[in-house]
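1. below: sequence and its predicted model.
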Amino acid sequence: MPVIDVHTHIFTHKWLDLLRQRGGAYNIQTRPDGQQEVFRGNTPVVIPQKGHFDFDMRIRQMDESGIDISVVSLTCPNVYWGDRETSCLAARESNDTIAEAQAKYPERIRWFTSLPWEYPEAALEELRRTCENGASGVMVLANIAGRSLTDPMFAPIWAEIDRRALPVLVHPTDPPGVDLMDMTKFDLSWAVGFMFDTTLAITRMIFEGFFDQYPNLKIIASHAGGALPYLAGRFEKGNEVEIPQRRKMKRKPIDYLRHIYYDCITYSPASFDFLVSVVGADRVMFGTDWPHQVYDIRGAFANTARLPKEQCDAIRGNNALRVFGF
């Protein structure tokens with residue numbers, strides 16, 4: 001049974017140079033500890049690490065950790081900045097870099113394609129091109145330059161992803177309004193804002209009937225779904241009192257929470273156990289967030305090791321084999 005990491009990230013040097021030159025609101029600042037960090041305005045977003053750029057280093061880390069396959073993705077802020085030309089260039093460059101790594105390590109590397117979602121025609125073309133070039137799924141941030149994932153402008157992209165029945169990693173970024181909510185200090189944009197971003201995005205999908213409209217989507221909610229498992233009871237109560245004429249869901253909220261997938265990144269054994277108790281071990285996959293400064297390979301292995309063997313094997317690899325069809 002292979003161990004498959006579905007939540008692990010890359011950057012490329014050309015992507016970072018492009019961000020410096022055409023990043024718009026995004027900029028590079030030096031932290032007090034000397035590390036370079038990507039900011040949106042004054043909001044911290046992500047700290048590039050050496051492992052983001054080095055696939056040889058990645059393979060060594062996988063060997064040392066016991067990870068057989070990594071499904072890599074370009075992390076936030078992905079390619080949702082700059083104009084159409086910039087977004088398309090950033091997507092092509094990062095996607096082609098990962099495709100080259102897969103060609104070099106065909107048994108070890110798989111990948112989520114990044115798309116210029118703000119330009120649907122270009123996104124559809126990049127989806128076609130990258131699927132033909134070996135992409136196994138799609139990466140999307142929980143908000144696309146402030147737009148909800150359920151915005152009608154993205155409908156043609158979702159329809160094609162649904163037709164292809166692709167796995168989609170929904171990954172947070174800094175949510176709109178972080179400055180108004182005073183999240184720019186103490187990495188609150190990461191600790192709270194990221195979790196809020198994923199939770200709100202998936203909740204919108206549930207209550208707007210998104211999964212009835214696109215039944216073949218295989219959504220993977222990052223970081224154990226943010227606050228989604230904890231809010232399951234609140235969603236059920238909200239559904240009970242909803243105005244019937246306004247209701248769009250065909251099933252109960254808990255049914256949708258058990259329809260999508262989650263990674264196992266919680267940093268807490270108790271939180272991990274609660275996730276499994278709410279959605280079931282068959283809906284959770286192995287993830288590490290490597291090589292971010294906050295990665296947790298040790299915790300991912302330790303938490304899954306506490307489960308019965310069948311559940312452990314499911315989360316570490318068998319669920320991903322089923323979902324991705326490797």
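-> Nice, thanks for sending it over.
2. C-alpha only now, for contacts and for neighbours.
-> Fine.
3. which one is residue 31 nearest to, not counting chain neighbours?
-> Leaving aside its chain neighbours, residue 31 sits nearest to residue 37 (6.7 Å; criterion: CA to CA, 6 or more residues apart in numbering).
4. phi first, then psi, for residue 38.
-> When read as degrees, to the nearest 10, the backbone of residue 38 gives phi -80, psi 130.
5. can you verify my assumption that it contacts residue 25?
-> No - the criterion here is CA atoms under 8 Å, and residue 38 misses it with residue 25 at 10.3 Å.
6. low-confidence stretches in the stretch 201-326 of the chain?
-> By pLDDT under 70, the stretch 201-326 of the chain has no low-scoring segment.
7. can you map out the strands along it?
-> 218-221, 261-263, 284-285 (DSSP state E, counting those that start in this stretch).
8. can you put the ones you listed in JSON lines and add distance to residue 307 and mean neighbour count?
-> Output for those, formatted as JSON lines (distance: least, CA to CA, whole Å; neighbours: other CA atoms under 10 Å):
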{"stretch": "strand 218-221", "distance to residue 307": "21", "mean neighbour count": "23"}
{"stretch": "strand 261-263", "distance to residue 307": "15", "mean neighbour count": "28"}
{"stretch": "strand 284-285", "distance to residue 307": "12", "mean neighbour count": "30"}
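9. turn those into TSV, including distance to residue 48.
-> Listed next are the strands of the stretch 201-326 of the chain as TSV, based on distance: least, CA to CA, whole Å:
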stretch	distance to residue 48
strand 218-221	22
strand 261-263	22
strand 284-285	25
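10. of all the ones you listed, which lies closest to residue 141?
-> With CA to CA, the closest approach to residue 141 among the strands of the stretch 201-326 of the chain belongs to strand 218-221: 10.4 Å.
11. list the neighbouring strands of that closest one plus their orientation.
-> Sheet pairing here is set by DSSP bridges, and for strand 218-221 it gives strand 167-171 (parallel), strand 261-263 (parallel).
12. for stretch 185-194, buried residues please.
-> Buried residues in stretch 185-194, counted by 16 or more other CA atoms under 10 Å: 188-190, 192-194.
13. same thing with stretch 154-172?
-> Buried residues in stretch 154-172, counted by 16+ other CA under 10 Å: 154, 157-158, 161-162, 165-172.
14. same check, this time on stretch 257-268
-> Going by 16+ other CA under 10 Å, stretch 257-268 has these buried residues: 257-258, 260-267.
15. ok, those vs residue 216, which is closest?
-> Of all these, residue 216 sits closest to residue 260, with 10.6 Å by CA to CA.
16. quick one, strands of the stretch 1-150 of the chain?
-> Using DSSP E, counting those that start in this stretch, the strands of the stretch 1-150 of the chain run over residues 4-10, 26-30, 36-40, 43-46, 69-74, 109-114, 137-141.
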